[in-house]
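Test case, fold it:
(one chain, ligands or ions: 1)
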Amino acid sequence: MRAIQTIKYGELKDSIAINEVSKPSILSEDVLIEVKAAAINPIDKSIVLGNLQSLLPLPLPSTLAYDVSGVVVEKGTSVNTFEVGDLVYSRVPQEQMGTLAEYVAVKSNAVSKKPGNLSFEEAASIPLAGLTALQTLEYSGIKENDKVLIHAGSGGVGSLAIQYAKVKGAYVYTTTSTDNVSWVKELGADRVIDYKTEDYKSIVKDADIVFDTLGQHYTSEAFEVIKLGGIVVSIAGVLDEETAKMFGVPDYNLPEELTKLIRTKEARYKYVFMHPNGAHLNEIKLLVEDERIKPIIDKIYSFADSIDAFMHLDSGRAKGKVVINLS
Ligand SMILES: NC(=O)c1ccc[n+]([C@@H]2O[C@H](COP(=O)([O-])OP(=O)(O)OC[C@H]3O[C@@H](n4cnc5c(N)ncnc54)[C@H](OP(=O)(O)O)[C@@H]3O)[C@@H](O)[C@H]2O)c1
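Model prediction:
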């Protein structure tokens, strides 16, 4: 079968190729999915660039990507939650990475039926970003009337996080650039801050939660806008100590500056690393079918144009998700 693989670590255009590989075989708890659509995420690009070699070592070449929607064509002997012919979506577990291929084997507990009102492309755009939005906001303890700042509301994660925070009844601030303000507002954000013309730090005060999707100086700035006792949940900043331990990083300490900010604000800081979860995807499926969450797709590429898709993602300007069609 054909697969998009990283053949070496380095520049995207030189390091990705379409290769012929063998069709995966399944274990007893797996389903085999005929891939109809896959989506790519910043982590896929970081893998190719070699930025994650120490945290996620991979044999090369490796088939890329984690997000998939398609049809179950085979199931393992212990799988009783899916049947051949089911239309499904998934963020596949790390060890089964490789959705940019004609088939992918996936542990059934990482799979859900796909939302019935979505195309394969729309469904494939959701899993990794949707699970990140749900798991990060749930970790934060989000509840009705909380004030939440979600950075990068036009991104893959941000566009779904805004909608999930609204489902939870929160008041949502989000940041984006001028071109994206109107469609991000339509996702339900209460106050869309145009970072080109406005300073979010003078608008957001006493937030209960900051969802940091940007890292760098945005992580420390979050402590300027949260209330005393608030929480900063980050998916792009520095690791917290517990998460560092989970990744096997020895003797890790939070940067001193961050420790001081946490103490001053009597706050909490957590780096959330999303995990595959079929039950969470099923929760998202129900919200999508109730039209409380909708996917945002920037562009759909053909399989042959996958390298262009990676280059577009690498621009950092994607409006929602970048999807690859395999049907
Ligand atoms: N820890 C985890 O488990 C996890 C999971 C998923 C993602 N992540 C990480 O989270 C980050 C976001 O992921 P993503 O998939 O949402 O990325 P993405 O879709 O590629 O984000 C692109 C968006 O970011 C916006 N953006 C860029 N700079 C901005 C700024 N200064 N202020 C506001 N918006 C800005 C852009 O909007 P404009 O063009 O308007 O600037 C664009 O729409 C990435 O670093 C990714 O690696 C981590």
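
Close to the ligand: what parts of the stretch 201-327 of the chain are there?
Within reach of the ligand by C-beta under 6 Å from any ligand atom, the stretch 201-327 of the chain has these residues: Thr213, Leu214, Ile235, Ala236, Val272, Phe273, Met274, Leu313, Gly316, Arg317, Ala318, Lys319. In this view, the C-beta of every residue, glycine as well, is placed from N, C-alpha and C.

Identify the residues contacting the last one.
To tie it back to what came earlier, the one meant is Lys319. Contacts for Lys319 (C-beta atoms under 8 Å, 6 or more residues apart in numbering) come out as Ser154, Asn180, Trp183, Ile296, Asp298.

Can you report how many residues neighbour the first one?
The criterion is other C-beta atoms under 10 Å. On that basis, Ser154 has 24 neighbouring residues.

So it lies in a strand, does it not?
No - applying DSSP: H, G, I helix; E, B strand; the rest coil, one finds Ser154 to be coil, outside a strand.

Can we start the residue count at 13 from this point?
That works, and once the first residue is 13, the last one we named lands at Ser166.

if we can go back for a sec, taking the residues of the stretch 213-339 of the chain next to the ligand one by one, which sit in helices?
Leu325 (DSSP state H).

Lys213: what secondary structure?
helix.

Now do the contacts for it.
Here Lys213 is in contact with Glu233, Glu236, Val237 (C-beta under 8 Å, 6+ apart).

Show me the domain layout of the chain.
14-138+307-337, 141-283 (automatic domain parsing).

The last one: end-to-end distance?
To tie it back to what came earlier, the one meant is domain 141-283. Its start and end residues considered, domain 141-283 measures 15 Å (C-alpha to C-alpha, to the nearest Å).

for the longest one, same thing?
Taking C-alpha to C-alpha, the first and last residues of domain 14-138+307-337 lie 13 Å apart.

Now do that domain: distance to the chain's middle.
The chain centre lies 13 Å from the centre of domain 14-138+307-337; the measure is C-alpha atoms, centre = their mean, to the nearest Å.

can I get the domains of the chain in a markdown table with distance to Val300 and mean pLDDT?
As requested, the domains of the chain are exported to a markdown table (distance: least, C-beta to C-beta, whole Å; pLDDT from 0 to 100):
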| stretch | distance to Val300 | mean pLDDT |
| --- | --- | --- |
| domain 14-138+307-337 | 4 | 97 |
| domain 141-283 | 9 | 97 |
